[in-house]
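Chemist: Build me a model from this:
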Amino acid sequence: MYLKKMFFLTVLSLWSIIAIGQDRAVIDKIVATVGNELVLLSDVEEQFDLLKKQRGESVKDDFRCSILENQLAEKLLLNQAKLDSVEVSDEEVEAQLQARFDRILAYMNNDLQQFEDYYGQTVDEVRDAFRDDQRNQILVQRMRGLIVSDISVTPSEVKTFFASIPVDSLPYFSSEVEISEIIYYPEVNEEQRNIARSKLEDLRRRIVEGGEDFAELASIYSDDLGSARIGGDLGMQRRGTFVSEFEAAAYNLEKDEISDLVETEFGFHLIQLIDRRGNNIHTRHILVKPIITQDDIELGRSKLDTVRMYVQSDSITFSRAVKIYSDENAPSYNNDGSMINPNTGSPIFETGDLDPEIYFAIDTMDIGEVSAPIQFTDRTGVVAFRVILLKSRTSPHKANLREDYSKIKSAAIEKKTNEYVAEWVKSKINSTFIEIDTRYHGCPQLETWLAEEIRP
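Modeler: Below you'll find the model as predicted:
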């Protein structure tokens, strides 16, 4: 089947960037042409190598045939998108490109030096190299969306799809839960805030009045360990990357100017503007975080436990407590505290997908119960607490329409979509110039692509 779940588009969305910087094992050669689009030997081999690393010996040599099949279908979609003048804005390309690099940098704890050491290029250089690739991916996705835009399934079709699955092939679903949270950060006491402020004011005097080097002091004193390694350098970033207080100060600086102290949720910053190009700014900073004392932490735990008791005694609804007490920057804040599974985009979690501390907290809870405060450390290293409301729980079970209708419906739509796209691909093959290297002529998956028919 063509475009089996568009698997390789998903692979490309992340792994194509991870693959760069690695030595290519083959010299590039065109192995297929679809209209005006080319498939290179390295494209096939890189995906094959990546899949082999992921799945091991289960990936056999003939899997290259499936890889090329998906590549051909992708190129056919891309070729048609260009023929149909499907539009993609520069803003869309930059936004998705930035998201891809944000994910890569997140794996490296936002350490720009680690990124450059690994890839041998700056983030901007790698981003420039992949801009066309990103545009093409969006074009393929948009073309596919146009093809399947009217696809839907009726309840009858969902039931028919479910009935077509052999009983011994029905999936077995683990226990699933739906949960909400309130996240609370202990407040720093005023004494520690003053200590942090005084430390940064002294560093500013040493730079502005004493002539000491900003980058050198950042490498010694900044609490942003990722940027401290490279003198506080944050690289060239677009507007919207930083929190509002930081940006407001940074965008008002002249080149080489140093800001006054800027307070954000992360602590106190000293900012220097290195360069500005339109809405992109290149800055460095020194961050000093006020120390959270153990007394502050215990006070925060006690406050959130009081909120929990209010909810449990029906003095306040959980939804209302979220609005009053939960951190506004938490993703769950605007969902009435509902946590969203990042793997699926839904509010349903398999218990195995939960963080261990959450799993153990709710393991013995009843539906509607609120946990005691759970201490955790956020991605910036700051201590915080959360309480969890258990909204629903299912027992482990074999798939059935009553409990799993939405999942079965999604699977039915996916199957119908893939079949529709496969038929569309077949309909376009004979009207598109296609040429495939002879090394792949023995692939059974490519029979339709290799049929000896007259083409334009």
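Chemist: So which residues make contact with the helix or strand hosting residue 71?
Modeler: For residue 71, the host element (DSSP states H and E) is helix 63-83. If you take Cβ atoms under 8 Å, 6 or more residues apart in numbering as the criterion, helix 63-83 is touched by 2-4, 6-9, 31-32, 34-39, 43-45, 47-48, 51, 136, 139-140, 142-144, 421, 425, 428-429, 432, 434, 436, 440, 443-446, 449. For glycine as for every other residue, the C-beta is placed from the backbone atoms N, C-alpha and C.
Chemist: which of those residues count as buried?
Modeler: 2-3, 6, 8-9, 31-32, 34-35, 37, 39, 43-45, 47-48, 51, 136, 139-140, 142-144, 421, 425, 428-429, 432, 434, 436, 440, 443, 445-446, 449 (16 or more other Cβ atoms under 10 Å).
Chemist: now, which of the contacts of helix 63-83 lie within helices?
Modeler: 7-9, 43-45, 47-48, 51, 136, 139-140, 142-144, 421, 425, 428-429, 449 (DSSP state H).
Chemist: centre of the chain versus the helix holding residue 71, how much separation?
Modeler: In terms of Cα atoms, centre = their mean, to the nearest Å, the centre of helix 63-83 is set 25 Å apart from its chain centre.
Chemist: Please identify the buried residues of it?
Modeler: Neighbour-count burial for helix 63-83 [16+ other Cβ under 10 Å]: 64-81.
Chemist: Downstream of that helix, the next helix or strand is which one?
Modeler: helix 90-107.
Chemist: quick one: average confidence on that next one?
Modeler: In this model, helix 90-107 carries a mean pLDDT of 83.
Chemist: Next, report how far the helix or strand following it is displaced from the centre of its chain.
Modeler: Once the chain leaves helix 90-107, the next helix or strand it forms, by DSSP H and E, is helix 112-119. Relative to its parent chain, helix 112-119 has a centroid offset of 20 Å by Cα atoms, centre = their mean.
Chemist: Pull out the buried residues from the very next helix or strand once past helix 112-119.
Modeler: With elements assigned by DSSP H and E, the helix or strand that comes after helix 112-119 is helix 123-129. Neighbour-count burial for helix 123-129 flags 123, 126, 127 (criterion: 16+ other Cβ under 10 Å).
Chemist: right, and the helix or strand after whichever strand or helix holds residue 283?
Modeler: Taking DSSP H and E as the criterion, residue 283 maps to strand 280-288. Using DSSP H and E, the helix or strand that follows strand 280-288 in sequence is helix 294-312.
Chemist: which regions of this protein lie under the pLDDT threshold?
Modeler: 1-27, 110, 452-456 (pLDDT under 70).
Chemist: the domain parsing of it - what is it?
Modeler: 4-154+409-450, 173-187+293-397, 190-288 (automatic domain parsing).
Chemist: Need the distance between the two termini of the second one.
Modeler: Spelled out, that is domain 173-187+293-397. End-to-end distance for domain 173-187+293-397: 5 Å, by Cα to Cα, to the nearest Å.
Chemist: residues in contact with stretch 165-176?
Modeler: So stretch 165-176 is in contact with 348-352, 393-399, 403-404, 407, going by Cβ under 8 Å, 6+ apart.
Chemist: So which of the residues you listed wins on neighbours?
Modeler: Among the contacts of stretch 165-176, the one with the most neighbours (other Cβ atoms under 10 Å) is residue 349, at 24 neighbours.
Chemist: How about the contacts made by the closest residue to that one other than its chain neighbours?
Modeler: Leaving out its chain neighbours, the residue that sits closest to residue 349 by Cβ to Cβ, 6 or more residues apart in numbering is residue 341, at 5.0 Å. For residue 341, the contact set (Cβ under 8 Å, 6+ apart) comprises 347, 348, 349, 353.
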